[in-house]
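Novice: Have a look at this fold, sequence not included:
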């Protein structure tokens, strides 16, 4: 599902703020997560391998509080958040 404001936001990033295509694509992922049909979800970089995060622990984290959780130092490569937080 595409975010309802995708075209407008992308145009602003591109023309008004001169954001590069690479960085716009990073933003697009966040917009996609904000369009979830589910109340929360995980987002990961394609080259992130959370070797110590089991599926059971991932479900526990998702069921915990609704806080925005980012795993990665300096780069948000593995994130869990609610639809509203995205």
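Specialist: Perfect, thanks for sending it. These numbers were taken from a predicted model, which means no experiment stands behind them. Residues are numbered from 1 along each chain as shown.
Novice: Tell me the secondary structure at residue 80.
Specialist: Going by DSSP: H, G, I helix; E, B strand; the rest coil, the secondary structure assigned to residue 80 is strand.
Novice: Assess the claim that it and residue 39 are in contact.
Specialist: No - counting by C-beta atoms under 8 Å, residue 80 stays clear of residue 39, with 11.5 Å between them. In short, each C-beta sits where N, CA and C put it, glycine included.
Novice: how near is the most centrally placed residue in the chain to residue 54?
Specialist: The centroid of the chain falls nearest to residue 30 when counting by C-alpha atoms, centre = their mean (4.0 Å). Distance, residue 30 to residue 54, using C-beta to C-beta, to the nearest Å: 26 Å.
Novice: Next: residue 44.
Specialist: With distances taken as C-beta to C-beta, residue 44 is found 15 Å from residue 54.
Novice: counting contacts, what elements does the helix or strand containing residue 61 pack onto?
Specialist: Element membership for residue 61 (DSSP states H and E) is helix 55-63. Applying 3 or more C-beta pairs under 8 Å, 6 or more residues apart in numbering; DSSP states H and E, we find helix 55-63 packed against strand 40-44, strand 78-82.
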